[in-house]
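[1] Build me a structure from this.
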Amino acid sequence: MGLRDFSLKIIRKHHKISCDVYLASRGIKNGREHLSKQIGMINDNISSLLTHVSAMVAATALLLAIFQDDDYLKYAILAEMFLYTIATFLLILNLPFLQPYPWTHDDEYESKDAELEALDDIYETYLARRYIYVYTAYMICILTMILAVIILIHFLQV
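    The predicted model follows:
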């Protein structure tokens, strides 16, 4: 089971708002275009977070060299680095590599039902990717705050 499948399983169990209700509540006429833009924004945000995470991994590597003599801080920094690496994997796996966007094609559907089913698939993809992105972003924010506290503790001890 992949990351997307796992998040879809959770979403199907807990998310009760259908694609029709989601689009209607926002007054959206072209659901395909709207969802495509939303997924594009998620991709942009993932790229920004990857930049931040790579800088934080580099910073933790530098701090690891600085805090070699302090066992407590050294292990805390190693744990931070490990968790940032996990966040990196989650973000990279959430990018749509080798998966064509179904909504970029102007498909001709056999019926209105087939078109609505395709829109529901796009909506589920959006929800799954948003779910993974949001919780990974929370994780990164918490890790960054913890790292700031660790550095502050070190400087207060000196």
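
[2] drop to CA atoms for contacts and neighbour counts, all remaining ones
    Noted.

[3] so where's this structure shaky on pLDDT?
    Low-confidence segments of the chain, defined by pLDDT under 70: 1-4, 97-115, 158.

[4] residue closest to the middle of it?
    Nearest to the mean C-alpha position of the chain, by CA atoms, centre = their mean, lies residue 133 at 1.8 Å.

[5] just checking, it touches residue 94?
    Yes: applying CA atoms under 8 Å, one finds residue 133 in contact with residue 94, separated by 7.3 Å.

[6] and residue 92, how many neighbours?
    Residue 92 is flanked by 14 other residues according to other CA atoms under 10 Å.

[7] so what's it up against?
    Applying CA atoms under 8 Å, 6 or more residues apart in numbering to residue 92 gives no contacts.

[8] gap between it and residue 152?
    Using CA to CA, to the nearest Å, residue 92 is found at 30 Å from residue 152.

[9] before we move on, what about residue 33?
    Counting by CA to CA, the separation of residue 33 from residue 152 is 46 Å.

[10] which other helices and strands contact whichever strand or helix holds residue 122?
    Using DSSP states H and E, residue 122 sits in helix 112-157. Counting by 3 or more CA pairs under 8 Å, 6 or more residues apart in numbering; DSSP states H and E, the packing neighbours recorded for helix 112-157 are helix 3-14, helix 19-25, helix 31-66, helix 71-94.

[11] Include distance to residue 127 when you put the ones you listed into TSV, please.
    Formatted as TSV, these follow (distance: least, CA to CA, whole Å):
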stretch	distance to residue 127
helix 3-14	7
helix 19-25	10
helix 31-66	9
helix 71-94	12
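
[12] Tell me which of these sits nearest to residue 129.
    helix 71-94 (6.2 Å; CA to CA).

[13] residue contacts, residue 54?
    Applying CA under 8 Å, 6+ apart, the residues near residue 54 are residue 88.

[14] Alpha carbons only: can I get stretch 51-59 in PDB?
    Only the C-alpha atoms of stretch 51-59 are listed here, as PDB (Å, rounded to 0.1, in the frame of the first residue of the first chain):
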ATOM      1  CA  THR A  51      13.900  24.100   0.400                       C
ATOM      2  CA  HIS A  52      13.300  24.800   4.100                       C
ATOM      3  CA  VAL A  53      13.900  21.200   5.100                       C
ATOM      4  CA  SER A  54      17.100  20.900   3.100                       C
ATOM      5  CA  ALA A  55      18.400  24.000   4.800                       C
ATOM      6  CA  MET A  56      17.400  22.600   8.200                       C
ATOM      7  CA  VAL A  57      19.200  19.300   7.500                       C
ATOM      8  CA  ALA A  58      22.300  21.300   6.600                       C
ATOM      9  CA  ALA A  59      22.000  23.400   9.700                       C
END
